[in-house]
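In: what follows is a predicted protein model with its sequence.
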Amino acid sequence: MAYSTIVRLGSPVSAATLSTTRIYLLHCHVTSPPNIPRYNTRQSPVLRRNLRARASLLSAVGDGSAMLQDAGATVLVMGGAYALVSTFDNLTRRNLIEQSLSRKLVHILSGLLFLAAWPIFSTSTGARYFASLVPLINCLRLLIHGLSLATDEGLVKSVTREGKPDELLRGPLYYVLVLILCAIVFWRDSPIGVISLAMMCGGDGIADIVGRRFGSQKLPYNQQKSWAGSVSMFLFGFLVSVGMLYYFSILGYFKLYWVQTIETVALVSFVATVVESLPTGGLMDDNISVPLASMVIAFFSFGHIGIS
């Protein structure tokens with residue numbers, strides 16, 4: 001092949017020379033070491049199939065591992081929930097604790113322990129559905145006993161006010177439905193579900209306990225509620241919410257800007273407290289009004305303070 005111009009490396013080259021020079025790169029071959037075969041995937045459909053099969057196998061193994069983890073976590077949480085209810089049932093039967101106090105302690109602890117157990121589930125997209133199986137099974141249990149299809153005096157005494165089976169179809173049923181909603185819709189990567197459950201379990205639960213014991217001073221617009229109960233709901237709802245948000249943030253599920261977060265939690269706690277104190281005449285259960293009010297305020301507030 002003829003060359004119009006030969007350029008020696010390191011020698012000065014004029015602009016005119018560069019404009020007319022054609023440089024050819026010839027015989028630039030990279031040879032493979034001897035005895036090492038070279039594969040061309042375009043010419044090796046067998047290799048392509050093997051690689052795809054290996055990738056599918058690794059994906060299936062990973063999915064199977066996540067399912068085993070989630071199944072184990074579900075069994076563990078379900079066993080813990082059953083043990084919690086059984087423990088307070090036995091304490092009530094032995095007259096070691098009042099039925100009203102037992103009911104509220106189950107109300108507080110079962111939801112918060114369920115919330116605190118979310119991190120033991122896997123990072124798969126199906127983890128939230130495994131977690132929701134725990135309150136779903138309790139939901140079916142409440143329906144069965146609330147409709148008197150079966151009897152369980154221990155369950156009725158542990159979670160109802162007056163010990164009537166049909167009460168299971170009101171407050172307790174709404175309670176587990178909210179647990180299911182927060183697990184599926186918000187899960188652990190959203191502070192909205194966390195703060196809603198914290199207010200329903202911690203704030204509302206403490207309000208009833210304190211109000212019954214120290215609630216002699218009633219609210220002027222609702223004689224069924226007391227200043228002690230409302231103040232305790234605000235304080236404990238605020239503290240439990242902040243504690244749970246910190247718990248999930250240090251585990252890396254979300255990052256919060258804490259100055260704005262404290263203000264937002266205080267606002268949510270205040271609104272939830274006001275909603276809980278309103279005279280509804282039995283038309284709206286606290287297990288619906290408190291978490292829904294918390295969800296609405298948290299939804300609009302957390303979007304403005306920054307979450308990552």
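Out: It's in. Numbering: from 1, shown residues only.
In: okay, now the unreliable bits of this structure?
Out: 1-63, 303-308 (pLDDT under 70).
In: swap in 50 and give it another go.
Out: Scanning the chain for pLDDT under 50 picks out 1-11, 13, 15-34, 36-39, 41, 57-62, 306, 308.
In: all strands of it, in order?
Out: Along the chain, counting by DSSP state E, strands occupy 218-219, 222-226.
In: and the shortest one, what other elements does it pack with?
Out: Contacts of strand 218-219 with other secondary structure elements, assessed using 3 or more C-beta pairs under 8 Å, 6 or more residues apart in numbering; DSSP states H and E, are made with strand 222-226, helix 227-250. Every residue, glycine included, has its C-beta placed from N, CA and C.
In: list the buried residues of the last one.
Out: When burial is assessed from 16 or more other C-beta atoms under 10 Å, helix 227-250 yields the following buried residues: 227-230, 232-242, 244-245, 247-249.
In: and that helix, how far from the chain's centre?
Out: Remark: helix 227-250 is offset 17 Å from the chain centroid, using C-alpha atoms, centre = their mean, to the nearest Å.
In: and what of the first one?
Out: Averaging C-alpha coordinates over strand 222-226 and over its chain gives two centres that are 33 Å apart (C-alpha atoms, centre = their mean).
In: hang on, the earlier thing: how about the helices and strands packed on strand 218-219, which one is nearest G211?
Out: Counting by C-beta to C-beta, G211 lies closest to helix 227-250 out of these; the figure is 2.7 Å.
In: got the angle for the closest one vs strand 222-226?
Out: Relative orientation of helix 227-250 versus strand 222-226 (axes from the mean of the first three to the mean of the last three C-alpha atoms, to 10 degrees): 50 degrees.
In: re earlier: out of the strands of the chain, which gets nearest to R141?
Out: strand 222-226 (29.4 Å).
In: may I have that closest one exported as PDB, CA atoms only?
Out: As requested, C-alpha coordinates have been extracted for strand 222-226 and formatted as PDB (Å, rounded to 0.1, in the frame of the first residue of the first chain):
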ATOM      1  CA  ASN A 222     -66.400  16.500  75.600                       C
ATOM      2  CA  GLN A 223     -67.200  15.100  79.100                       C
ATOM      3  CA  GLN A 224     -66.000  11.700  78.000                       C
ATOM      4  CA  LYS A 225     -62.400  12.900  77.600                       C
ATOM      5  CA  SER A 226     -60.100  14.500  80.100                       C
END
